[in-house]
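In: heads up, no residue letters with this:
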């Protein structure tokens, strides 16, 4: 990754088919780099929230926000300010288990990270970890010595701190 | 709420009529047949049968740019739709309001008639294909959705920074019968218009302009779109500021005005390019600072504070960092800026600067000094200006013909110089001329062409003759693809490759084959005679003008260089 700045952008869009294509296509066409994107419905069913993480210089991030805001299906774009928002990522990690000593070591680590074991087999454990990307990275580092069989990360989703909310009338 | 039972095709045509559409340029095919069937009963809409869908889109754009109204083109699904793509992309790059209607295979229906997404015959995902070159697209999935889709498409295409909007019509929606409310409703999501400027920015800009010693006004195509030419003249008067345009802004300010500099850019007017480096304040309006206009950004207006009036917020600081951004409609912002500045500034100050402007213009851009006596592009374009009325419309193709037109044809009014600026589409000029003539049937329309470009849409001669849309095509015929030949000559050490057009068709016979008239001219007097005949003819005229195959367009700013490094004489 080139030296840039990681920025989280929260985008409220019309909840209808084709919108994800529109945004993804915009990023490709303008040569912007998406680190992660998550999409899901909001408390208002006609609106979906996209949480997009980009790693770009400031000038490019400014362009990203303007180009996204220009899309007709985009209702609101906000740049989440550093330290002023909460974010979480969910990760599922399937870890190789050699013996019962390893099994209990892993379970200890999972406890420390406040994760959960969600599937068990004779020679593997599947762990669910939720947290910031840094926390998940740290956990993955620990798991490397056991052997990671499979990994799935959702990318982050985020909200601004405080009581403020954005409502958009239909 | 008034409901009526009708087909989707009828709902479409009624909605188009409510948008005051009187012309559609198109070609039919299987998946759009229900709309053509309904057209039999809609006598208010004239359908003009193009001979290629790309040209139908260019015709719609020519119509739009000459008139300021939304141009409409139509094609069937699959290849009909994909043939529109270049025309749609052209309208997107030049911010022209067009609505493209495409047929689509059925989206749903009983039993086996459901086809969309199954690679049906003549199916193309035209919305997916055009996402990057449309402002928006609609695909109504029921008859009832049609009016709102049409209303919204026209609203989006024609407001803000205009652009193309696509409506993809599944055949079952066209043919289906439903309860339809003929409404003015629109559905436009988060679409917001930036019309009113921030007063603080206006005040900041007027402070800069008041203190400016050597201000320049730069007009882009947005000045024409917003109809702000009068305000530009007033602003120029007030500041005693010379006015340059981008290529797309040509016509925004009368080019015979003493303070007109002509257009800037790679093949810009030398006085405009030179003075741009002397400006202390640049008031740029409705421009995206395209690379062909600015050349190397390091030396572009490098001593100037830049005020940028622009309706599209995403253009602010995209290509160039500006000092005072004003996101607003050009006309509205200019009115406020005029008002704010005239309170601070006495009219008619700035004599030193206007003296300098006059001096540079006389030295670098003398139009009549050493004028050749024979028929070369420069003399031809100067003659043409004399032969055409002020409101005569010029379109151009792309390449040398286009840059000569930019350099030597003086545009006097907005919407009289129509050319493919952003995309640079060869073959644009002739169909655009046809569209412009349909929009302005009482004004002469002339396409300045090269032989290479004209051949790309030559089949539209059939459209213009059959539909009685007389235009004039002037072919600057050098039997080569002239602009790329010029680049190979000057930048690739004369290593010519694939530029020779060899046996170019006889343009006179070609015109006659389609039922148009053709003339070949070799002197200024023959040219004058041919144009006069063409202007009084009721049929399209092709005027073939043989020119040397090694004639360069100069002056020229080589790629990578800045505007001050322009080479060659005007």
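Out: Happy to help now that I have it. In this text, all values refer to a predicted model and were calculated from it rather than measured experimentally.
In: Relative to chain A, how far out is residue B:359?
Out: As for residue B:359, its distance to chain A is 39 Å (criterion: CB to the nearest CB, to the nearest Å). For the C-beta atoms, the positions are set from N, CA and C on the backbone; glycine is no exception.
In: neighbours of that residue, just the number please.
Out: 11 (other CB atoms under 10 Å in any protein chain shown).
In: now do residue A:109
Out: Neighbour count for residue A:109, taken as other CB under 10 Å: 17.
In: Give the next helix or strand downstream of the helix or strand harbouring it.
Out: Per DSSP states H and E: residue A:109 is located in helix A:100-112. Sequence-wise, the next helix or strand downstream of helix A:100-112 (DSSP H and E) is strand A:116-121.
In: between that next one and helix A:100-112, how many degrees?
Out: In terms of direction (axes from the mean of the first three to the mean of the last three CA atoms, to 10 degrees), strand A:116-121 departs from helix A:100-112 by 160 degrees.
In: Pairing partners for strand A:116-121, with directions?
Out: The pairing partners recorded for strand A:116-121 under DSSP bridges are strand A:124-131 (antiparallel).
In: Looking at stretch B:453-472 now, give me its mean pLDDT.
Out: The pLDDT scores in stretch B:453-472 average 98.
In: and it, which residues are buried?
Out: By neighbour count on 16 or more other CB atoms under 10 Å in any protein chain shown, the buried set for stretch B:453-472 is B:453-458, B:460-465, B:467, B:469-472.
In: Assumed residue B:404 was part of a helix.
Out: Yes - counting by DSSP: H, G, I helix; E, B strand; the rest coil, residue B:404 is located in a helix.
In: Grab the nearest non-local neighbour of it.
Out: The spatial neighbour of residue B:404 that comes closest, neighbours along the chain excluded (CB to CB, 6 or more residues apart in numbering or on different chains), is residue B:377 at 4.2 Å.
In: follow-up on the earlier one: the buried residues of stretch B:453-472 in strands, which ones?
Out: Secondary structure defined by DSSP state E assigns residue B:472 of those to strands.
In: Buried residues of stretch B:60-71, list them for me.
Out: By neighbour count on 16+ other CB under 10 Å, the buried set for stretch B:60-71 is B:60-66, B:69-71.
In: brain fart, stretch A:91-104
Out: Buried positions in stretch A:91-104, judged by neighbour count with 16+ other CB under 10 Å: A:91-95, A:97, A:102-103.
In: how long is that stretch end to end?
Out: Taking CA to CA, to the nearest Å, stretch A:91-104 runs 20 Å from one end to the other.
In: Touching that stretch from outside, list them.
Out: A:106, A:118-119, A:122-130, A:136, A:139-140, A:143, A:146-154 (CB atoms under 8 Å, 6 or more residues apart in numbering or on different chains).
In: Give the bridge partners for residue A:53, please.
Out: residue A:8, residue A:36.
In: so how many other residues sit close to it?
Out: 22.
In: Tell me how far it lies from chain B.
Out: In terms of CB to the nearest CB, residue A:53 sits 21 Å off from chain B.
In: So which elements touch the strand or helix carrying residue B:342?
Out: Assessed by DSSP H and E, residue B:342 sits inside helix B:330-344. The contact analysis (3 or more CB pairs under 8 Å, 6 or more residues apart in numbering or on different chains; DSSP states H and E) places helix B:330-344 against helix B:199-211, helix B:221-226, helix B:229-239, strand B:281-285, strand B:305-310.
In: So the one residue in the stretch 101-250 of chain B that gets nearest to chain A versus residue A:19, what's the distance?
Out: Closest residue of the stretch 101-250 of chain B to chain A, CB to the nearest CB: residue B:190 (3.9 Å). Remark: distance between residue B:190 and residue A:19 (CB to CB, to the nearest Å) = 11 Å.
In: same thing with residue B:183?
Out: Going from residue B:183 to residue A:19 by CB to CB gives 24 Å.
In: more crowded one of those two?
Out: Neighbour totals were compared for residue B:183 and residue A:19, and residue A:19 leads with 20 against 13 (other CB under 10 Å).
In: Let me see the contact set for that one.
Out: Residues in contact with residue A:19 (CB under 8 Å, 6+ apart) are A:13, A:48, A:73.
In: can you list the domains in the chain?
Out: The chain I'm using is chain A. Domain assignment for chain A by automatic domain parsing gives A:5-80, A:86-157.
In: that's the wrong chain, I wanted chain B
Out: According to automatic domain parsing, the domains of chain B span B:3-181, B:199-364, B:377-557.
In: any chance of those in a markdown table, with distance to residue A:84 too?
Out: Below are these laid out as a markdown table (distance: least, CB to CB, whole Å):
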| stretch | distance to residue A:84 |
| --- | --- |
| domain B:3-181 | 32 |
| domain B:199-364 | 24 |
| domain B:377-557 | 40 |
